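Chemist: return atomic coordinates for the entry below.
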Amino acid sequence: MNGLTQRYRTLGELLTELKARLGFVAQGPAANNNTPLMMSFLQEAHEYVYDQLDPSPMRKKTVIALEQGSYLYDWHNDEEDENIDPGLVHSVWLIDGENRYRLAQGITERHREDTSRGQPLRYDTLNGQIELWPVPDRAGYGLLVEYTASRPRFSQDADRPGVPDRLVLLYALVSAKAHYRHPDAQSVAALFNARMRRERVRQHENRRYHVTGHYHPGTEVVRGADGVYRCVVR
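Modeler: Residues are numbered from 1 along each chain as shown. A predicted model of the protein is given here:
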């Protein structure tokens, strides 16, 4: 997580505000019955906004502590509790004290036949885990993994979105209001679309985005197959 995403509100905080904006807080404990649906709206919103903004890839590093005799490790950043996509790994290094050695990728069956232990020289992916060869002969090694982070997890209360939290909240609010047929759904949809355009302009200053369509009395908010909310005349 970087300094920018740390400023975004957590999933738990967004869930609380979403319920408040929908008036569910006044229901007391009964409002908890809506939690799974509200979570779904927020998670869908996060996926949609992330895909639309396509934020710049975030390059990260993490160090995995190695143990004597253990040659399989999870592709996981324990510090940020984040899974690592092996396909987005740039390099793997072995840290031995003040020295650092880059590991070669690829372990053959001939390598695996050699069961001797020593300083790891190679790595590969085996059954979804990091495989090392030779097997570490002692504890104290560190495995430095450089990778590009994919869309961050957004399923637990403390998770933060990888895009502006206000956009995530607004899109979820539009989904919820459309679901419950609230009369102000179209005004929230207009606000979301305006904020999304401003965010795109901010990220891509060399592009221009124009408002299309007009709102008329009697219109209804409808979400198209592309996930965009539009007002249609009924």
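Chemist: quick check: pLDDT value at V211.
Modeler: As predicted, V211 sits at a pLDDT of 46.
Chemist: quick one: the helices in this protein?
Modeler: Ranges of helices in the chain, per DSSP state H, are 11-22, 35-53, 109-113, 165-179, 185-203.
Chemist: most packed of those helices?
Modeler: helix 165-179 (a mean of 23; mean count of other Cβ atoms under 10 Å). C-beta here means a position set from N, CA and C on the backbone, and glycine is covered the same way.
Chemist: how far away is the residue nearest to E44 when sequence neighbours are not counted from L191?
Modeler: Distances taken as Cβ to Cβ, 6 or more residues apart in numbering place S175 nearest to E44, at 6.7 Å, with adjacent residues excluded. Per Cβ to Cβ, to the nearest Å, S175 is found 14 Å from L191.
Chemist: what of Y180?
Modeler: For Y180 relative to L191 (Cβ to Cβ), the value is 18 Å.
Chemist: just N32 next, same as before
Modeler: 28 Å.
Chemist: just the CA coordinates for stretch 162-177, please, in CSV.
Modeler: Output of stretch 162-177 as CSV, limited to C-alpha atoms (Å, rounded to 0.1, in the frame of the first residue of the first chain):
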residue,chain,number,x,y,z
GLY,A,162,-7.1,1.1,-5.2
VAL,A,163,-9.0,4.0,-6.7
PRO,A,164,-10.6,7.1,-5.1
ASP,A,165,-13.1,6.0,-2.4
ARG,A,166,-15.6,8.7,-3.3
LEU,A,167,-16.1,7.2,-6.8
VAL,A,168,-16.5,3.7,-5.3
LEU,A,169,-19.1,5.0,-2.8
LEU,A,170,-21.1,6.9,-5.5
TYR,A,171,-21.2,4.0,-7.9
ALA,A,172,-22.3,1.7,-5.1
LEU,A,173,-24.9,4.2,-4.1
VAL,A,174,-26.3,4.5,-7.6
SER,A,175,-26.5,0.6,-7.8
ALA,A,176,-28.3,0.5,-4.4
LYS,A,177,-30.7,3.4,-5.2
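Chemist: what sits up against that stretch?
Modeler: Stretch 162-177 has contacts (Cβ atoms under 8 Å, 6 or more residues apart in numbering) with 5, 8-9, 14, 17-18, 21-22, 37-38, 41-42, 44-46, 48-50, 53, 55, 151-152, 154, 161, 182, 184-185, 188-189, 191-192, 195-196, 199, 221, 223, 229.
Chemist: please redo it, this time with the cut-off set to 6 Å
Modeler: With contact meaning Cβ atoms under 6 Å, 6 or more residues apart in numbering, stretch 162-177 is reached by 8-9, 14, 18, 21-22, 41-42, 45-46, 49-50, 53, 151-152, 161, 185, 188-189, 192, 195, 229.
Chemist: how about Q52, nearest residue that isn't a chain neighbour?
Modeler: Once flanking residues are discounted, Q52 sits nearest to M196: 6.8 Å by Cβ to Cβ, 6+ apart.
Chemist: so for the residue nearest to the spatial centre of the chain, what's the pLDDT?
Modeler: What sits nearest the mean C-alpha location of the chain, by Cα atoms, centre = their mean, is P152, with 1.8 Å. Model confidence at P152, given as pLDDT, is 88.
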